[in-house]
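Asks: Whatever this is, show me its structure:
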Amino acid sequence: MRTRELSGRSVVPGRAEGLAVVTTQPISFFGGVDPEQGIIIERGHELEGQRVSGKVLIFPTGKGSTVGSYVIYAMNNKGTSPAAIINVKTEPIIAVGCILAELPLMDQLSENPVQTIKTGDRVQVLADDGVVKVEAPE
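Replies: Down below sits the predicted model:
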């Protein structure tokens, strides 16, 4: 395993670990994610049909309705939320949702996360320290 460490901005503190699910497309939690199952349901999205529950979800930014914040919160209460979220640039919908759900959230990493982290990499989000550790298979 090859491990690298990235630094970034902690938006919501906390620590989490999981396998990465990465997309280059923005995500709308309202209408784009099934909160009951933790699956991306937006038609045509490159993650359509993929489960995000318990994963470190990495995407450029959020989009859509402010109701998305409450969807993240509801997912956390149902046990279907991601373990943590990493954005290129976080916008208010994702930030508020992660605050409500107490999900670790980071952005502005030292390397673009949607380009350098791959789906299936093991990721530790140490938002308390502003650090993301990535273990990638050789």
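Asks: Could you list the buried residues of the one helix or strand in the chain whose mean pLDDT sits lowest?
Replies: Every helix and strand in the chain was compared by mean pLDDT, DSSP states H and E; the lowest is strand 2-7, with a mean of 94. Residues residue 6 are the ones in strand 2-7 that count as buried (16 or more other CB atoms under 10 Å). (Glycine included, C-beta is placed from N, CA and C.)
Asks: can you point me to the longest helix in this protein?
Replies: For the chain, the longest helix by residue count, based on DSSP state H, is helix 67-78.
Asks: about what we covered before: against which helices or strands is the least confident helix or strand of the chain packed?
Replies: Under the contact criterion of 3 or more CB pairs under 8 Å, 6 or more residues apart in numbering; DSSP states H and E, strand 2-7 touches strand 131-136.
Asks: could you check the angle strand 2-7 makes with the strand it packs on?
Replies: 160 degrees (axes from the mean of the first three to the mean of the last three CA atoms, to 10 degrees).
Asks: before we move on, back to that, next SSE downstream of the longest helix of the chain?
Replies: Going down the chain from helix 67-78, the next helix or strand is strand 84-87, by DSSP states H and E.
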